[in-house]
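Asker: Got a sequence here, can you build the structure:
(chains A and B)
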Amino acid sequence: MAILVYLETENQSLKKSAPELASYAKAPSGSEKTIGLCVNAKDSEGFNAYGLDELIVVGRPAQTISAEEVGQLVAAIAEEVSADKVIIGSSADARYYGSLIASRLGAAYIPNVTGTPEEHNGELLYKRSVFTNKGYAYTAARATKIVIGLAKNAFEVRENQQPLKISQRSFNFDAPKVQSEGVEKANGKATIADADVVVSAGRGLKGPENWGMIEELAEVLGAATACSKPVSDLGWRPHGEHVGQTGKPVATNLYIAIGISGAIQHLAGINASKVKVVINNDPEAPFFKAADYGIVGDAFEVVPALIEKLKHYKAQTA
Amino acid sequence: MKILVCISAVPDTTSKINFTDNDTRFDTQGVQFVMNPNDEFGLTRAIWFQEKQQAEVHIATVGESTVEPIMRKALAIGATKGFRIDAAPVDGFFVATQLAALITKEGYDLVICGRESIDYNGAMVHGLIAQACGYAFINTCVQLEIEGNQAKAVREIDGGNEKLTASLPLVIGAQKGLVEESDLKIPNMRGIMMARQKPIEVLSAVATEARTVDVRFERPKAKGEVTLVDPNDLDTLIDLLHKEAKVL
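Answerer: Take a look at the predicted model:
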């Protein structure tokens, strides 16, 4: 049996999540062969550091791939290489094609997995987050095949140099039922999904005209910008920036919340982040209970000062 | 156009999450259940189609009789008929199999599920239904227009949006954006009275096995106290983020 790990690509490069997924696939020290699968990757040569035995690169004329097509491809290759485990990530796309792969394979599907499985009474239990990070379930598969969705930032990248066999091939896709009419995406801007740092602001900023300093702070940190629900409901910021239970989930290394009180719906969406910093002038704001570091102070004084300090710090460490 | 909105009853966001029976079961004691927020955005869009495009909106829930108050709320908002598949929802695959059997029998043009339920966060039921029924599938849908047999949709992707088209029948994963928070309907007294007369058909579950089982649960470890930093001493914050938290 083999382990197949699907690695997303963008502009012919493997995405940032690829080393994490490959490391996770390789982590169980068993003798199972680990095979990576990706579409249209040009720069896969340097990818031998993460312990995969083989990387299958599927070439296709179209630069993008739809969820339906990923479903077709991953299921077919999993059958072909006799994979009983398929590992995927937790991007917006992965949460689209995950169930399609599982359905085609007749597999169990366990998403939001936060680590390597543990053995219990002869079966493997996968720890996954449930109740929007307010709990964990230890879940066992009751099917011979399993699709595992690894949560973002849940597993450390492990270097594991090994010769990597790269096989190029093609694949005949069936016509998908859903057609893409084009993608709108801000180019070169860090996204909430990929950024290591997210700078988020709330109603405490008093109005959309005050976001300049938030964007500047984000720029200094190479961060994505986000906002609380009231701010997106008021139309101060675009919907795509809304993070929280009904917005985008955040699982970043560093989350900086400015002028956000910390409603439970907001905290639910961001508490998978590793380190949380809160800046708020109200010491009673619930966010202080959920944060690692806090500053009680006026955002309009603290944020500009922090930008200057960080510029200085970056200049020193550069 | 015949629309089915799949609704799940989930703990209110403010609920304390506890586990019982040696941490093998979610403790529902004292928990207030509500309609899954993502389902509610979808339901509201469905009612829009009912009001503007003469669609007929049904709802379905897999659950025991305790979910009926949530179903009545959906009927009070405007759906005309409910189906309750009488079984405890074991896992996403089990739920999807039940709903797919109903959809195959009734035949719907549009099936709306929330992009995920806020209890188990599986985000799989809609995709499994689409695959089982052979319907087109659009996830994280933030805009949907239907003309005749054609759907035009926008889905949210990481860092942007994608425009999509598909022919009906279609399954979508609904979320905020499909309608705005301010569009959500609070049932009025007339709606509540009418909902009492609307049928909820109780169906027995079709035979199927769950593909996953939650063996036990765990609460997150208690978080340590916040470290407060003086606003006039931001160097200390940067130092802590660099040396202690190792994120700078």
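Asker: CA only for contacts and neighbour counts going forward, please
Answerer: Fine.
Asker: Tell me if stretch A:109-128 is near chain B.
Answerer: Yes - counting by C-alpha under 8 Å from any C-alpha of the partner chain, contacts between stretch A:109-128 and chain B involve A:109-112, A:125.
Asker: Closest one of those to chain B?
Answerer: Nearest to chain B, judged by C-alpha to the nearest C-alpha, of those is A:Pro111 at 6.3 Å.
Asker: follow-up on the earlier one: show me which of the residues of stretch A:109-128 next to chain B are buried.
Answerer: Buried residues within the residues of stretch A:109-128 next to chain B, counting neighbours by 16 or more other C-alpha atoms under 10 Å in any protein chain shown: A:109-112, A:125.
Asker: Dump those residues into TSV; add secondary structure as well.
Answerer: Converted to TSV, those look like this (DSSP: H, G, I helix; E, B strand; the rest coil):
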residue	secondary structure
A:Tyr109	strand
A:Ile110	strand
A:Pro111	strand
A:Asn112	strand
A:Leu125	strand
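Asker: of all those residues, which comes closest to A:Lys145?
Answerer: The shortest gap between A:Lys145 and any of these belongs to A:Tyr109, at 8.8 Å (C-alpha to C-alpha).
Asker: For the closest one, give me its contacts.
Answerer: Applying C-alpha atoms under 8 Å, 6 or more residues apart in numbering or on different chains, we find A:Tyr109 in contact with A:98-99, A:102, A:141, A:146-149, B:211-212.
Asker: ok, for it, nearest residue in space, not its chain neighbours?
Answerer: A:Val147 (4.7 Å; C-alpha to C-alpha, 6 or more residues apart in numbering or on different chains).
Asker: ok so, going back, among the contacts of A:Tyr109, which one has the most neighbours?
Answerer: Most neighbours among the contacts of A:Tyr109, by other C-alpha atoms under 10 Å in any protein chain shown: A:Ser99, with 32 neighbours.
Asker: Give me the distance between it and chain B.
Answerer: According to C-alpha to the nearest C-alpha, to the nearest Å, A:Ser99 stands 5 Å off from chain B.
Asker: doesn't that residue fall inside a helix?
Answerer: Yes - according to three-state DSSP, A:Ser99 belongs to a helix.
Asker: List the residues that contact it.
Answerer: A:109, B:124-125, B:127-128.
Asker: Using TSV, lay out those residues together with secondary structure.
Answerer: Shown next, in TSV, are the contacts of A:Ser99 (three-state DSSP):
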residue	secondary structure
A:Tyr109	strand
B:Met124	coil
B:Val125	helix
B:Gly127	helix
B:Leu128	helix
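Asker: can you list the residues you listed in JSON lines and add pLDDT?
Answerer: Shown next, in JSON lines, are these (pLDDT from 0 to 100):
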{"residue": "A:Tyr109", "pLDDT": "98"}
{"residue": "B:Met124", "pLDDT": "98"}
{"residue": "B:Val125", "pLDDT": "98"}
{"residue": "B:Gly127", "pLDDT": "98"}
{"residue": "B:Leu128", "pLDDT": "98"}
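Asker: Tell me where chain A has helices.
Answerer: For chain A, the helices defined by DSSP state H cover A:18-26, A:67-80, A:94-105, A:212-221, A:229-233, A:264-270, A:287-290, A:299-317.
Asker: Deepest-packed of the ones you listed, please.
Answerer: helix A:94-105 (a mean of 26; mean count of other C-alpha atoms under 10 Å in any protein chain shown).
Asker: Export that helix to PDB, keeping only CA atoms.
Answerer: The C-alpha coordinates for helix A:94-105 follow below in PDB (Å, rounded to 0.1, in the frame of the first residue of the first chain):
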ATOM      1  CA  ALA A  94      -9.000  21.400  -0.600                       C
ATOM      2  CA  ARG A  95     -12.300  21.900   1.300                       C
ATOM      3  CA  TYR A  96     -14.000  21.800  -2.100                       C
ATOM      4  CA  TYR A  97     -12.300  18.700  -3.600                       C
ATOM      5  CA  GLY A  98     -11.800  16.600  -0.400                       C
ATOM      6  CA  SER A  99     -15.300  15.200  -0.400                       C
ATOM      7  CA  LEU A 100     -15.200  14.600  -4.100                       C
ATOM      8  CA  ILE A 101     -12.000  12.500  -3.800                       C
ATOM      9  CA  ALA A 102     -13.400  10.500  -0.900                       C
ATOM     10  CA  SER A 103     -16.700   9.900  -2.700                       C
ATOM     11  CA  ARG A 104     -15.000   8.500  -5.800                       C
ATOM     12  CA  LEU A 105     -12.700   6.300  -3.700                       C
END
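Asker: residues contacting the most centrally placed residue in chain A?
Answerer: For chain A, the residue nearest the mean C-alpha position is A:Lys152 (3.9 Å; C-alpha atoms, centre = their mean). A:Lys152 sits next to A:17, A:89-91, A:251-252 when contact means C-alpha under 8 Å, 6+ apart.
Asker: So for the residue at minimal distance from the centre of chain B, what's the pLDDT?
Answerer: Nearest residue to the geometric centre of chain B (C-alpha atoms, centre = their mean): B:Gly114, 3.2 Å. The per-residue pLDDT reported for B:Gly114 equals 98.
Asker: roughly how far out does stretch B:75-94 sit from the chain middle?
Answerer: Remark: stretch B:75-94 is offset 11 Å from the chain centroid, using C-alpha atoms, centre = their mean, to the nearest Å.
Asker: first to last residue in it, what's the distance?
Answerer: Chord length of stretch B:75-94, first to last residue, is 24 Å (C-alpha to C-alpha, to the nearest Å).
Asker: Show me what counts as buried in it.
Answerer: Neighbour-count burial for stretch B:75-94, counted by 16+ other C-alpha under 10 Å, picks out B:75-87, B:89-94.
Asker: Look up which residues are beta-bridged to residue 200.
Answerer: With no chain named, the answer covers chain A. Here A:Ser200 sits in beta bridges with A:Ala226, A:Ala257, as judged by DSSP bridges.
Asker: wait, I meant chain B there
Answerer: Applying DSSP bridges to B:Ile200 gives these bridge partners: B:Gly82.
Asker: That one and B:Ile85 touch, don't they?
Answerer: No - judged on C-alpha atoms under 8 Å, B:Ile200 makes no contact with B:Ile85 at a distance of 10.0 Å.
Asker: Including distance to B:Arg196, could the residues of stretch A:109-128 next to chain B go into TSV?
Answerer: Formatted as TSV, those follow (distance: C-alpha to C-alpha, whole Å):
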residue	distance to B:Arg196
A:Tyr109	38
A:Ile110	38
A:Pro111	38
A:Asn112	39
A:Leu125	44
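Asker: Next up, the contacts around residue 178.
Answerer: Using chain A. By C-alpha under 8 Å, 6+ apart, A:Val178 lies in contact with A:68, B:136-138, B:164-167.
Asker: The chain in question should be chain B.
Answerer: Contacts for B:Leu178 (C-alpha under 8 Å, 6+ apart) come out as B:41-42, B:45, B:141-144.
Asker: repeat that with 10 Å
Answerer: Shown in contact with B:Leu178 (C-alpha atoms under 10 Å, 6 or more residues apart in numbering or on different chains): B:38, B:41-45, B:140-145, B:153-155.
Asker: Now that we have those, which of them are buried?
Answerer: B:38, B:41-45, B:140-144, B:153-155.
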